[in-house]
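Enquirer: Structure for the following, please:
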Amino acid sequence: MELRPEIKRALADLVVQMTSSRADVKWVEGTNFHLTLYFLGEVAEERVPDLSQALSLAGRGINPFRLEIAGLGAFPSLARPGVLWGGAHGGEALGHLQHQVAEQVQIFAEQPGERQPFHPHVTLGRVRSGRGLAELMKKVSGWEGRNLGSQEVADFALMESRLYRQGPVYTRIARFALGND
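Expert: Model prediction:
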């Protein structure tokens, strides 16, 4: 799910504050902040039209909703951080949308089947080593519950990600409206 530019800027400003800890973290570029509803992996180009058709069904019956980006956390935990994230809160509507997307597209996934429970978040960085983590985690815990912005969600997108040496590049393939019964 694409985020408004103001939210991306707020997250990028937050990352700048976090980098002062000198922790060994690979931070996400501000232009790349997004909320993933379902990661498919590699999909053959000839299957994209069918995938798009499936995704267009996922948003039906789900009304637009408010998405709030608030608080920070880490996977698997604050005590053992591997991924640092900003929390994404959209209530039942966000959970329902994610479930519908998963139901519609799992046949297109590289390895369909059992997946981790959905924990809506925006990835901010990936921890590379334990260097400087204590100072960084103090900063992260100080952001619990603090609001970083909100937006109305009326659609979601199919995104392509390509990995390059400089980092990933994301391209929107298609956009799908919510509530298009």
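Enquirer: Quick one: residues contacting residue 1.
Expert: Applying CB atoms under 8 Å, 6 or more residues apart in numbering, we find residue 1 in contact with 34-37, 67, 153, 156-157. For every residue, glycine as well, the C-beta is placed using N, CA and C.
Enquirer: let's go with 6 Å and repeat that
Expert: Taking CB atoms under 6 Å, 6 or more residues apart in numbering as the contact definition, residue 1 lies against 35, 156.
Enquirer: Return the helix or strand in the chain with minimum mean pLDDT.
Expert: Every helix and strand in the chain was compared by mean pLDDT, DSSP states H and E; the lowest is helix 133-141, with a mean of 89.
Enquirer: Output the below-cut-off pLDDT ranges for this protein.
Expert: The chain contains residues with pLDDT under 70 at 111-115, 180-181.
Enquirer: List the buried residues in the strand or helix carrying residue 12.
Expert: In this structure, residue 12 is located in helix 5-19 according to DSSP states H and E. Buried residues in helix 5-19, counting neighbours by 16 or more other CB atoms under 10 Å, are found at 7-8, 10-12, 14-15, 18.
Enquirer: thinking again about what came up before, next SSE downstream of the least confident helix or strand of the chain?
Expert: Next along the chain from helix 133-141, counting by DSSP H and E, comes strand 147-153.
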